[in-house]
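Student: sharing a model prediction with you, sequence too.
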Amino acid sequence: MTLSLKKHAKFAGRKGPVVILVADGVGVAPAGPSNAVTEAHTPTLDKLAAQTLYTELAAHGTAVGLPSDDDMGNSEVGHNALGAGRIFAQGAKLVNQALDSGKVYETDVWQEAIEHGRNNTLHLLGLHSDGNIHAHTQHLYALMRKAAEQGVKQCCIHILLDGRDVAARSALVYIEQTEALINELNAQYDSNFRIASGGGRMEITMDRYEADWDMVRRGYHCHTHGIGQTFGCAADAVEAMYEATGKDDQYLPAFVIAKDGEPVGRMQDGDAVILFNFRGDRAIEISLAYERDHFDKFDRDEHRPHPSLYYAGMLQYDGDEFIPARYLVNPPNIDRTMGEYLCAEGVKLFAISETQKYGHVTFFWNGNRSGYIDKDLETYIEIPSDNIEFNQAPAMKAREITEKTIALIESGEYQFGRLNLANGDMVGHTGDLAAAIEAMEVVDECVAKLIDAIEAAGGILLYTADHGNADIMYTEKNGIRTPKTSHTLSPVPFAIVDPNYNGEYQLTPPPDAGLTHIAATTINLLGFEAPDDYQPSLLTFK
Ligand SMILES: O=C(O)[C@@H](CO)OP(=O)(O)O
Ligand SMILES: [Mn+2]
Ligand SMILES: [Mn+2]
């Protein structure tokens with residue numbers, strides 16, 4: 001199908017580009033000492049929030065295709081919503097439906113995995129919490145129950161400790177729940193289910209956008225070959241590592257469960273491995289490590305030969321590159337994104353961020369498609385991120401991204417652009433309030449510079465966020481503060497900076513306005529009518 005957009009009946013667009021700035025993780029929550037956004041000195045952001053062309057948009061729950069309004073937003077669903085202009089049922093919801101209806105168990109992939117599991121061992125690997133951003137323990141438990149029921153006797157569970165989508169030190173709670181189910185199943189089916197290995201999600205396995213392959217190498221060797229500090233059980237491992245490192249769940253090192261000095265869950269030829277994460281960015285690299293015949297990102301045979309495995313993902317994480325080849329649930333089919341429409345109209349555009357968010361403004365924005373829509377029209381720029389805990393460098397690469405964006409605006413080549421400043425989110429995830437405040441002040445400084453550039457170019461800057469994070473940095477109970485490292489349920493800001501504004505339109509958001517309404521709004525500001533089935537624009541034109 002060839003896509004096209006009609007010229008807008010009342011608005012021809014401005015001379016300069018429309019640029020969307022996503023301040024990742026900068027939600028709107030009540031002001032107070034735990035809100036890094038309001039605690040920071042942010043004269044420019046304050047001005048934006050006080051102007052007429054400002055509103056707040058829903059960025060969590062059903063507004064972005066998640067199962068319920070108790071689900072916080074995240075970058076995947078947020079950037080999908082921004083790019084696609086419609087609400088699609090997201091991975092979390094699709095997996096629930098496929099497990100509840102039993103469709104998962106009818107697939108060839110499930111049945112083949114079970115066959116391998118019956119003859120050898122079934123390995124279940126994934127993020128071990130109910131955060132519901134990358135994975136949910138209820139999904140793991142459904143798979144464990146069904147595998148036991150279908151005759152799998154040997155099952156190894158490899159757990160990635162979260163502490164980023166859930167409380168910073170909550171690993172023991174989830175381990176207890178999982179061990180209880182293991183005991184129940186082993187008693188009922190005379191099986192040998194057990195936790196075999198694990199480690200913090202920011203330390204092993206779950207790297208994204210090739211920021212740090214060494215993380216994946218450590219995770220692969222831990223889960224596959226039993227390389228890591230050994231313990232008798234997962235709870236002992238976590239307790240000992242809390243004590244030894246002082247770190248929280250997401251940063252704990254690799255551990256291996258051993259009996260009589262031997263790892264209990266090394267992977268062997270003929271075993272099946274299912275990665276039960278549903279979100280793609282942090283699942284792609286480990287999937288490549290497991291399923292590719294030719295793999296050169298690290299030496300898989302460093303300790304013992306890479307076994308021949310039956311590997312499957314909960315979803316297909318990258319539909320262009322078919323990663324992984326085998327999967328249990330079809331991913332959302334996000335079609336006709338705004339990027340496709342704009343390319344069809346010959347609009348030149350750019351997307352820019354640092355590594356940690358690079359795929360957010362490209363892959364997620366384009367409906368989980370890797371690569372360009374039209375290389376002749378699009379420029380994608382990645383500024384390399386540092387590989388450190390970001391409270392140590394709260395400015396991250398915001399200034400570099402800003403300088404480069406200004407150059408792109410000044411070039412006069414582009415009609416549309418989008419950028420992501422990672423600070424509110426990545427520093428927010430560390431739970432370090434002072435660092436998050438500093439992060440927000442850098443964001444403010446960058447927004448001010450971008451506004452100047454937009455003004456000089458006669459363009460429009462749209463300032464928004466994909467979900468909250470830095471807006472609640474701790475919770476307090478009985479005078480005790482607990483750092484909050486996760487995203488929030490907060491709405492996000494939406495401000496239009498249009499220096500040539502002359503009353504041509506009004507901001508008229510419907511009561512349910514959310515992130516999905518930004519695409520049509522942007523298309524209007526570029527001088528086009530939005531596609532009929534996009535969520536309506538936030539603007540009414542005179
Ligand atoms: O770091 C991540 O993977 C998620 C939190 O799990 O954050 P974001 O959605 O902002 O990328
Ligand atoms: Mn985000
Ligand atoms: Mn985040």
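Tutor: Done, it's in. Ligands and ions are numbered 1, 2, ... in the order given.

Student: can you classify Ala81 as helix, strand or coil?
Tutor: Secondary structure state of Ala81, per DSSP: H, G, I helix; E, B strand; the rest coil, is helix.

Student: isn't it right up against Thr516?
Tutor: Yes: the pair Ala81 and Thr516 passes the contact test of C-beta atoms under 8 Å, sitting 4.6 Å apart. C-beta: built from backbone N, CA, C; applies to glycine.

Student: who's more crowded, those two?
Tutor: Under the criterion of other C-beta atoms under 10 Å, the comparison of Ala81 against Thr516 puts Ala81 first, with 32 against 27.

Student: enumerate every residue touching the more buried one.
Tutor: Residues in contact with Ala81 (C-beta atoms under 8 Å, 6 or more residues apart in numbering) are Ala59, Ala63, Val64, Gly65, Ile87, Gly514, Leu515, Thr516, Ile518.

Student: now do Lys10
Tutor: Under the criterion of C-beta under 8 Å, 6+ apart, the contact list for Lys10 reads Glu504, Phe541, Lys542.

Student: which positions in this structure make contact with ligand 2?
Tutor: Where proximity means C-beta under 5 Å from the ion, the interface of the chain facing ligand 2 comprises Asp24, Ser75, Asp425, Asp466.

Student: quick check, nearest of the residues you listed to ligand 1?
Tutor: Set against ligand 1, the nearest of the residues of the chain next to ligand 2 by C-beta to the nearest ligand atom is Ser75 (3.2 Å).

Student: okay, Ile182 and His128: tell me how far apart.
Tutor: Ile182 sits 13 Å away from His128, taking C-beta to C-beta, to the nearest Å as the criterion.

Student: which of the three states applies to Thr475?
Tutor: Put simply, Thr475 is strand when judged by three-state DSSP.

Student: ok, it to Thr488 distance?
Tutor: Thr475 is 11 Å from Thr488, where distance means C-beta to C-beta.

Student: buried sites along stretch 375-388?
Tutor: Leu377, Glu378, Thr379, Tyr380, Ile381, Glu382, Ile383, Ser385 (16 or more other C-beta atoms under 10 Å).

Student: quick one: secondary structure of the residue in the stretch 251-400 of the chain positioned nearest to ligand 2?
Tutor: Residue nearest to ligand 2 within the stretch 251-400 of the chain: His360 (6.6 Å; C-beta to the ion). Under three-state DSSP, the three-state class of His360 is helix.

Student: contact partners for it?
Tutor: His360 is in contact with Val22, Asp24, Ser75, Glu76, His79, Asp281, Ser353, Asn420, Asp466, counting by C-beta under 8 Å, 6+ apart.

Student: so which of the residues you listed reach ligand 1?
Tutor: Restricting those to those near ligand 1 by C-beta under 6 Å from any ligand atom leaves Asp24, Ser75, Glu76.

Student: which pLDDT value belongs to the nearest residue to the second one once chain neighbours are set aside?
Tutor: Nearest residue to Ser75, sequence neighbours excluded (C-beta to C-beta, 6 or more residues apart in numbering): His360, at 5.0 Å. Model confidence at His360, given as pLDDT, is 98.

Student: quick one on the thing from earlier: pick the one among the buried residues of stretch 375-388 closest to Trp365.
Tutor: Here the nearest of the buried residues of stretch 375-388 to Trp365, counting by C-beta to C-beta, is Tyr380; it sits at 10.1 Å.
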